[in-house]
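Student: Generate coordinates for the sequence data below:
(chains A and B)
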Amino acid sequence: MVGITSYGAYIPLYRLNRTTIYLSLGWLNPASLLPGEKAVANYDEDSLTMAVASGMDCLTGADREKIDGLFFATTTAPYKERQNAGIIATALDLGPSIRTSDFTTSMKAGTGALVSAYDAVTSGSAKNVLVCASDCRLGKPGGFQEEIYGDGAAAFLLGNSGVIASIEGTYSVSYDFVDTWRAEEDKYNRAWEDRWIRDEGYGRFISEAISGLLEKYNLTPKDFAKVAYPCLYIRAHADIGKRLGFEPGQIQDHLFTSMGHTGTAYPLMMLAAALEDAKPGDKILVASYGNGSDALFLEVTKEIKKARDRRGMRKHLESKKDLGSYEKYVTFREILDIDTGGRGEEIAGTQLSTLWRDRKTVLALCGSKCRRCGTPQYPFQQVCGNPKCGAINEMDSYRFSDRRGTLFTYTGDILAFSPSPPAIYGTVDFEGGGRWMFDLNDCELDALQVGMPVEMSFRRKYHDRAHGIHGYYWKATPLRA
Amino acid sequence: MAEGIKDKVAIIGMGCTKFGELWDKSPESLIIEAFTEAIEDAGIDKKDIGAAWSGTCYDEVSVGKSAIPLAVTLKLPFIPATRVENFCATGSEALRGACYAVASGAYDICLAVGVEKLKDIGYGGLPQNEVQWGTRLRFIMPNLTPPGAFAMMGTRYFAQYGLSREEGKHALARITVKSHHNGAMNPKAHLRREVTIDEVMNAPIVAWPLGLFDCCGVSDGAAAAIVTRAELAKQFRPDPVYVKALQIAASSGEEMVYTDWDYAHVESTVKASQRAYREAGVKNPRKEISMMEVHDCFSITELTIYEDLGISPRGRAKEDVEAGFFDLDGKIPCQPDGGLKCFGHPIGASGLRMMYEMYKQLQGKAGPRQIKSPKLGLTHNMGGIPPVNVVSVCMVGL
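Tutor: Sure thing, here's the model as predicted:
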């Protein structure tokens, strides 16, 4: 049996009400108002950081050393060359003897990665493959794409033991159907006419893939507890399921009005939501849409009970804050080029040879634990920081990223440049020992207190446009859920 | 057996420029101005100088690296010249170099100059921090500024000692009001007006809980000192000022990574001052120190310094502050020249400017700010931020 052994998800804290967008830009196209809200990444989040967050959720309690593959699916990778999956693997503190790949350029890359991971484990060429899908897509301001896109991520661990939902079958169709596209030189997605997309692509390919799967495995809609597929248009979404013969109650909530279309992550996030409510024996069907469609079905096992402690979808959906203004959204996404002042323009150089030596320290938040006195310390110390110890070179690597801490002290700084002032930072004392100073985010200054619990979140610390560097590190946030 | 520096070195001349936003002055002209006042005060010629120490902090602005700018600006005749830097403790570091050089007997007369030209940065505050952390730390340090790093000491101090926001801000404001009262009387100071407690408490926040008036300004300026061996001092003037202690302490790194340190005090100040008192033969600092210039980059820094110097009891400096213990007419006047807060903080010069005030006070030349019969002056000069720093504590007397 091969299938999902764990899952996780991540939705950014902020939501942008679609009415807020409409109030800013609705004058351009009064017909563009859509209902609900979309999830929007903070200024320091991108597809990589969200993938790491979903991976952290998925790997709760897992033995990371057993993971021998990581596939990353996105259409909004920060790097066109520098393997993004490799950055995620480093951030998740996976070993180096693993297979990593980026899957990209299509909304169906998420299911593509999932199916490939399934194939790898089934063939025996890998044992535990982590699949992360994440997107942070941009539509041009004032357009329909901007309204529908949301930001989010999901992660699945595939293996052949302790399976909570086995993958039983797949069926794919592939079409060079150019409904939305983005070329090398474009910052924003482009789209052809929506009626054509709905009639010729969206309305056909998902049905074709699902029908193909049902026929291939001799199944009918009645056999399934849930069917999950992305929503581009709300009414058309319901029509797809209905025409295939599913009851409304079988159709997984598309979350279009609470999250938005999260790109490659979308079908996987709906799958995670379905698993949260699934019972042993349930069959779940999931299909993607984008230049065709991948459909796959899973059967939930008794082991599903083990995976109830994930944040997954529900807890992320429930913990949210209104971003409040469209101007903040376009500032955070670097659509509006704001005046950062001289201080904001100064970014220290990134010495990549230093980053290579210190990649565990910087990207994985690993420090060291003294073998002599047992004190955890960050960053990696060669000389023990315990004043009563002082041992030299008696250290083991020690990971802090998945440890909670308490906020020992903090401030909100208006002099430091931040696109979301004040710049908040503080000292975190980690559970079990160790201390360091971190930027904080996803919080308001007034809500902070000395001694409150915090957790660590992988974020884009800086964007050095002059040198093409997206620099990553960890920030502290109040407990998300 | 090491003997310490007490009574081995004397300061025989000092100079200090006006500090401020000196748009029309270059750092080179500031060096020359401070130097000229110093050698005139000492009554010596340039050729009498055996070796020189140049204190400048920033490479991004000001004169640039190495001791060459000092030597070339003053046309020093191929003498030994050294540039030193220890963040904001740079000025004291330059003095230390010159003092140890004459104490060793290697030279008779040495020069220390500190200079900084901060108003060429192009935006408010000090240069953006990351470059200064080095190539490794810049990846993992937060986006902090000096006000923020010290503000965290305010947050922690208030929480640890149970001060409400009002009580804490009031104590900090009282410190600022005291310094402004002194600075208003000092023609060389950058900021020269009195302020009220209300003004200070209600000033816009820079980094919570520090407001605009809790933070020293960013200034240009230079200061200089001429030193000689104690036994030669009276050849130059009847009233040399003798060095009683020159101490410095650099953080061990434990405050940053080990969870003992409380972020409500600066350990290096404790260590440096304890050694300085031993060196100078001071048994009871609260009783024996006549006056101080301490590193009031931020009001909260000054508050904790009182405790770290062993003068106020731990957690209770507020009582001394509110009682006027550190006022100009108090038991230990602190910041008689206005401090960093009012005189200004051109980083490389500050340590020497502190010494300039102690020197002038001991010689009875402080005008309306004159303290009655001072015997022992202390300067405290701190570079870095509360969790990782270098602190110099020096003492001078008659």
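Student: Show me the domain layout of chain A.
Tutor: A:3-332, A:354-365+A:400-478 (automatic domain parsing).
Student: Identify whichever of those lies nearest to residue B:105.
Tutor: domain A:354-365+A:400-478 (43.7 Å; CB to CB). (Glycine included, C-beta is placed from N, CA and C.)
Student: Please list the residues of the stretch 101-250 of chain B that sit near chain A.
Tutor: B:121-125, B:127-128, B:130-131, B:133, B:135-136, B:138-145, B:147-148, B:151-156, B:159, B:205-210 (CB under 8 Å from any CB of the partner chain).
Student: any chance you could map the helices in chain A?
Tutor: For chain A, the helices defined by DSSP state H cover A:18-25, A:47-58, A:84-91, A:109-123, A:144-148, A:194-196, A:203-217, A:234-244, A:266-277, A:314-318, A:326-332, A:341-345, A:352-357, A:359-363.
Student: In contact with residue 76: list those residues for me.
Tutor: As the question left the chain open, I've gone with chain A. Counting by CB atoms under 8 Å, 6 or more residues apart in numbering or on different chains, residue A:76 touches A:46, A:47, A:135, A:136, A:137, A:138, A:263.
Student: my question was about chain B
Tutor: Residue B:76 touches B:46, B:49, B:52, B:70, counting by CB under 8 Å, 6+ apart.
Student: Run through the residues you listed and flag the ones next to chain A.
Tutor: Of the contacts of residue B:76, not one also sits near chain A (CB under 8 Å from any CB).
Student: For chain A, state which of these is nearest.
Tutor: Nearest to chain A among the contacts of residue B:76 is residue B:70, at 27.1 Å by CB to the nearest CB.
Student: Skipping adjacent residues, who's closest to the closest one in space?
Tutor: Distances taken as CB to CB, 6 or more residues apart in numbering or on different chains place residue B:54 nearest to residue B:70, at 3.7 Å, with adjacent residues excluded.
Student: Would you check that the one you found makes contact with residue B:67?
Tutor: Yes: with contact defined as CB atoms under 8 Å, residue B:54 reaches residue B:67; the gap is 4.7 Å.
Student: Report how many residues lie close to residue A:186.
Tutor: 11 (other CB atoms under 10 Å in any protein chain shown).
Student: Could you report the pLDDT at it?
Tutor: At residue A:186, the model reports a pLDDT of 94.
Student: Show me where the stretch 351-481 of chain A has its strands.
Tutor: A:366-370, A:376-377, A:395-399, A:405-413, A:423-430, A:435-440, A:453-464, A:469-478 (DSSP state E, counting those that start in this stretch).
Student: Chain B too?
Tutor: B:9-16, B:51-55, B:81-84, B:109-117, B:205-207, B:210-211, B:220-229, B:241-250, B:291-293, B:376-385, B:388-397 (DSSP state E).
Student: can these go into CSV with extra columns for mean neighbour count and mean pLDDT?
Tutor: Converted to CSV, the strands of chain B look like this (neighbours: other CB atoms under 10 Å in any protein chain shown; pLDDT from 0 to 100):
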stretch, mean neighbour count, mean pLDDT
strand B:9-16, 26, 98
strand B:51-55, 27, 98
strand B:81-84, 21, 98
strand B:109-117, 30, 98
strand B:205-207, 25, 98
strand B:210-211, 26, 98
strand B:220-229, 30, 98
strand B:241-250, 23, 98
strand B:291-293, 27, 98
strand B:376-385, 27, 97
strand B:388-397, 26, 98
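Student: of all those strands, which lies closest to residue A:148?
Tutor: Taking the strands of chain B one by one with CB to CB, strand B:205-207 is closest: 39.8 Å.
Student: Can you give the domain ranges for chain B?
Tutor: According to automatic domain parsing, the domains of chain B span B:9-124+B:221-235, B:146-216+B:243-397.
Student: For residue A:68, which of the ones you listed is the nearest?
Tutor: Residue A:68 lies closest to domain B:146-216+B:243-397 among these, at 33.3 Å (CB to CB).
Student: Spell out which residues of the stretch 201-350 of chain A are next to chain B.
Tutor: Checking the stretch 201-350 of chain A against chain B by CB under 8 Å from any CB, the hits are A:341, A:342, A:343, A:346, A:347, A:348, A:349, A:350.
Student: what about 7 Å?
Tutor: Within reach of chain B by CB under 7 Å from any CB of the partner chain, the stretch 201-350 of chain A has these residues: A:341, A:342, A:343, A:346, A:348.
Student: Would you write a PyMOL line that selects the buried entries of those?
Tutor: A single PyMOL command selects the buried members of these (16 or more other CB atoms under 10 Å in any protein chain shown):
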select buried, chain A and resi 343+346+348
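Student: where does chain B dip in pLDDT?
Tutor: Applying pLDDT under 70 to chain B picks out no residues at all.
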